[in-house]
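*Asks:* Got a sequence here, can you build the structure:
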Amino acid sequence: MVKLRLKRCGRKQRAIYRIVAIDVRSRREGRDLGKVGFYDPRTNQTYSNVPVILYFLERGAQPTGILHDISKKGLFKELRVN
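*Replies:* Okay, the predicted model is just below:
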């Protein structure tokens, strides 16, 4: 099963997160299937590649709870995840 989840990047105390499509059996920093955006919690800045996200969602990928909450806050202006 594939999930859309956050992958931690950046340096200590200044984390940013990549939004990636990854197999559920992989660890957080494991090999991803595709990068679909990023999220910076310090500035609430988000970039999402909507066509790629829709590609993975159409093929059965599930967003994690955190990504669902981010989409509810309105950070994904182009995409609303159910």
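*Asks:* pretty sure V52 belongs to a strand, no?
*Replies:* No. Looking at V52 with DSSP: H, G, I helix; E, B strand; the rest coil, it is helix, so not inside a strand.
*Asks:* count of residues packed around it?
*Replies:* For V52, the count of nearby residues is 15 (other CB atoms under 10 Å). Bear in mind the C-beta positions are built from the backbone N, C-alpha and C, glycine included.
*Asks:* correct me, but it touches V20?
*Replies:* No. Contact criterion CB atoms under 8 Å: V52 and V20 do not qualify, at 10.4 Å.
*Asks:* Give me the common contacts of the two.
*Replies:* Shared contacts of V52 and V20 (CB atoms under 8 Å, 6 or more residues apart in numbering): 34, 36.
*Asks:* which stretches of this protein form strands?
*Replies:* 2-11, 14-23, 34-40, 45-48, 62-63 (DSSP state E).
*Asks:* so what strands line up beside the first one?
*Replies:* Yep, that's strand 2-11 we're talking about. strand 14-23 (antiparallel), strand 62-63 (parallel) (DSSP bridges).
*Asks:* now the last one, how far from the chain's geometric center?
*Replies:* Which is strand 62-63. Computed by CA atoms, centre = their mean, to the nearest Å, the chain-centroid distance of strand 62-63 equals 9 Å.
*Asks:* Nearest residue to the middle of the chain?
*Replies:* Nearest residue to the geometric centre of the chain (CA atoms, centre = their mean): I19, 2.6 Å.
*Asks:* which residues touch that one?
*Replies:* 4-7, 35-39, 48, 53, 67.
*Asks:* Of those, keep whichever come out buried.
*Replies:* Among those, those classed as buried by 16 or more other CB atoms under 10 Å are 4-7, 36-39, 48, 53, 67.
*Asks:* In those residues, which has the lowest confidence score?
*Replies:* Scanning the buried ones among the contacts of I19 for pLDDT, the low point is S48. It has 83.
*Asks:* Tell me the spacing between it and L4.
*Replies:* Noted for S48: a distance of 10 Å to L4, by CB to CB, to the nearest Å.
*Asks:* Alright, calling it a day.
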